[in-house]
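Visitor: Sharing a sequence plus its predicted fold:
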Amino acid sequence: MKDAADPRLLLVTGLSGAGKSTVLKVLEDLGWEVVDNLPLALLETLIDAPVKRSEAGRPLAVGIDSRSRGFRPALLVQRIKALREIGGRDVQTLFLDCAGAELERRFSETRRRHPMAEDRPAADGIAREREMMEPLRRWAEHVIDTTNYSSNDLQQEVRQRFGDSNHDEPVLNILSFGFARGLPRNADLVFDMRYLRNPHWDAKLKPGTGLDADVAAYVMADPAYENSVAQIEKLILTLLPRYRVEGKSYVTIAFGCTGGRHRSVHVAARVAQKLRASGYEPVLTHRNLDSAPQDGLEGKPPPAPSAATGKT
């Protein structure tokens, strides 16, 4: 944690249904003091309130959204600027975003009404709230798009960004994913592994994953594999020290293949192992590892070898 003279203040805001409650719960678990739905007029009062000596320097997270009394995004931005000018607080803003269709699904699934569309379809409230919140989104230092996040994914992201760290190295997240199931929205680097031959079309390998030895051997046998993956590792190891110098606190490196179960999983695991051997401590996540294999997502199978020549 920072010392008592420079306590952190994080304003947590964003679109209704995007995950604010989950974020605040994780921050509380991390030792932050958490206040939700604070009336905007009481923000300075809360900040100036005396605290026990034992809690001096404890970071503070304040949840504010469209339901908060006196909420006006432009005014909130002005108050954040004023707090920074006064000094003594490391003030940052986290904005939680999410695609409209996913927000509609969440409100329908939970049978909740959107706070800005009590008597209209949720889509109307989502559009209205998005327009109102745009000044805060532009202002925020941290933006997390939760469209493709499960609750566990979001919790992990918050822990990576706001958990205490005793060193200056960025927190690394190595992620495998399937392009057919959507790009990861918060990745800093994305590498496409679809140029490698696809184990999905081998009947024996299809049910397995990139964590299985036979699947890994199949991928590694591709003539382009070793040279290309080694160059990717070299690039990452070149970039990470530069990210540290620039003060980047987290880096997400994503490896994608079509379905997210074979090639990307194997390469992500290999790169994570290489980074550990180089002194880093990456978190390895396989987003689509448990997804069912689907021929329709994988495109066309490779041409069969010719019966006469044995060649394709």
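Guide: Sure, I can see it. Since we're looking at a predicted model, the values are computed, not measured.

Visitor: Please, which helix or strand holds Gln156?
Guide: For Gln156, the host element (DSSP states H and E) is helix 151-162.

Visitor: what's the answer for Ser176, then?
Guide: Following DSSP H and E, one finds Ser176 within strand 171-178.

Visitor: Distance check, Asp145 against Arg197.
Guide: When Cβ to Cβ, to the nearest Å is applied, the distance between Asp145 and Arg197 equals 32 Å. Heads up, the C-betas are built off the backbone N, CA and C, glycines and all.

Visitor: Can you tell me what sits against the helix holding Gln156?
Guide: 10, 19, 22-23, 26-27, 30, 32, 142, 144, 146, 149, 171, 173, 186, 249-250, 283, 285, 287 (Cβ atoms under 8 Å, 6 or more residues apart in numbering).

Visitor: circling back to that earlier point, just give me how far the strand holding Ser176 sits from the chain centre.
Guide: When distances are taken as Cα atoms, centre = their mean, to the nearest Å, strand 171-178 is centred 9 Å away from the chain's centroid.

Visitor: Pull up the pairing partners for it, direction included.
Guide: The partner list of strand 171-178 in its sheet, established with DSSP bridges, is strand 250-257 (parallel), strand 283-286 (parallel).

Visitor: export the ones you listed to CSV and tack on distance to Met132 and mean pLDDT?
Guide: Formatted as CSV, the strands paired with strand 171-178 follow (distance: least, Cβ to Cβ, whole Å; pLDDT from 0 to 100):
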stretch, distance to Met132, mean pLDDT
strand 250-257, 29, 94
strand 283-286, 33, 92
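
Visitor: Distance to Asn37 and mean neighbour count added to those, as TSV?
Guide: Written out in TSV, the entries for the strands paired with strand 171-178 read as follows (distance: least, Cβ to Cβ, whole Å; neighbours: other Cβ atoms under 10 Å):
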stretch	distance to Asn37	mean neighbour count
strand 250-257	28	24
strand 283-286	31	18
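
Visitor: Go through these and name the closest to Ala230.
Guide: Each of those was checked against Ala230 via Cβ to Cβ, and the shortest separation belongs to strand 250-257, namely 14.3 Å.

Visitor: Ala280 falls within a strand, correct?
Guide: Not quite, residue 280 is Tyr, not Ala. No - with DSSP: H, G, I helix; E, B strand; the rest coil as the criterion, Tyr280 is assigned coil and is not in a strand.

Visitor: any idea what sits nearest it, other than its immediate chain neighbours?
Guide: Leu172 (5.7 Å; Cβ to Cβ, 6 or more residues apart in numbering).

Visitor: who touches the one you found in this structure?
Guide: Residues touching Leu172, when contacts are defined by Cβ under 8 Å, 6+ apart, comprise 240, 250-253, 275, 280-283.

Visitor: which of those residues lies closest to Leu103?
Guide: The shortest approach to Leu103 among these belongs to Thr252, at 22.8 Å (Cβ to Cβ).

Visitor: biggest helix in this protein by residues?
Guide: Ranked by number of residues, the top helix in the chain under DSSP state H is helix 225-245.

Visitor: now that one: mean pLDDT?
Guide: On average, the pLDDT along helix 225-245 is 94.

Visitor: what's that helix packed up against?
Guide: If contacts are counted by 3 or more Cβ pairs under 8 Å, 6 or more residues apart in numbering; DSSP states H and E, helix 225-245 sits against strand 189-192, strand 250-257, helix 263-277.

Visitor: Tell me which residues of it come out buried.
Guide: Of the residues in helix 225-245, 225, 228-229, 232-233, 236, 240, 243 count as buried by neighbour count, 16 or more other Cβ atoms under 10 Å.

Visitor: who's in contact with it?
Guide: When contacts are defined by Cβ under 8 Å, 6+ apart, helix 225-245 is touched by residues 168-170, 172, 189, 191, 195-196, 219-220, 251, 253, 267, 270-271, 274-275, 278, 280.

Visitor: Buried ones only from these, please, as a ChimeraX command.
Guide: Selecting just the buried residues from the contacts of helix 225-245 in ChimeraX takes one command, with 16+ other Cβ under 10 Å as the test:
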select :169,170,172,191,196,219,251,253,267,270,271,274,275,280
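
Visitor: circling back to that earlier point, return the subset of the contacts of helix 151-162 lying in helices.
Guide: Secondary-structure check on these using DSSP H: residues within helices are 22-23, 26-27.

Visitor: Please identify, among the residues you listed, the one with the most neighbours.
Guide: Sorting the ones in helices among the contacts of helix 151-162 by how many neighbours each has (other Cβ atoms under 10 Å) puts Val23 first, at 26 neighbours.
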